[in-house]
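**Q** Build me a model from this:
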Amino acid sequence: MSGIWKRKVFWLLLPVVGIAERVFADGTTPVASPATQTAAQTLISFREAIFVLLLVLIVFAGLIGYEWVRKRT
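**A** You can find the predicted model right below:
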């Protein structure tokens, strides 16, 4: 990858890493404390984690696809 692509990947993944850090830091959502966390809040946290993982996969698939198309043309 060239330097430009490394910067693009960094800026694309920075918000994703921030969300993932908040979700996975202590196993709770940012607004819930462990003492008051309910099953619904746990489900929201799980959904956020799945969303973050899917977002990372989509970003990487897009970058790989773009590089592949660029090399073929």
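
**Q** What spatial separation is found between residue 57 and residue 63?
**A** With distances taken as Cβ to Cβ, to the nearest Å, residue 57 is found 11 Å from residue 63. All C-beta spots, glycine's among them, are computed from the backbone N, C-alpha and C.

**Q** What is the longest helix seen in the chain packed up against?
**A** Secondary structure of the chain per DSSP state H: the longest helix is helix 39-72. On a contact count with 3 or more Cβ pairs under 8 Å, 6 or more residues apart in numbering; DSSP states H and E, helix 39-72 meets helix 3-24.

**Q** Average pLDDT for the helix it packs on, rounded please.
**A** Helix 3-24 carries an average pLDDT of 66.

**Q** Neighbours of residue 70, how many?
**A** Per other Cβ atoms under 10 Å, the neighbour tally for residue 70 reads 9.

**Q** What spatial separation is found between it and residue 58?
**A** 18 Å.

**Q** One more: residue 64?
**A** According to Cβ to Cβ, residue 64 stands 11 Å off from residue 58.

**Q** what do you get for residue 48?
**A** Counting by Cβ to Cβ, the gap from residue 48 to residue 58 is 16 Å.

**Q** Looking only at neighbour counts, state which of those two leads.
**A** Per other Cβ under 10 Å, whichever of residue 48 and residue 58 has more neighbours is residue 48, with 17 against 10.

**Q** Distance-wise, check that one relative to residue 54.
**A** 11 Å.

**Q** isn't residue 9 right next to residue 62, touching?
**A** No: with contacts counted by Cβ atoms under 8 Å, residue 9 stays clear of residue 62, the gap being 10.5 Å.

**Q** Show me which of these two is the more surrounded one.
**A** Counted by other Cβ under 10 Å, residue 9 and residue 62 do not tie: residue 9 has more neighbours, with 14 against 11.

**Q** Excluding chain neighbours, what is closest to the more buried one?
**A** Excluding its sequence neighbours, the residue lying closest to residue 9 (Cβ to Cβ, 6 or more residues apart in numbering) is residue 63, at 6.5 Å.

**Q** how many neighbours does the one you found have?
**A** For residue 63, the count of nearby residues is 16 (other Cβ under 10 Å).
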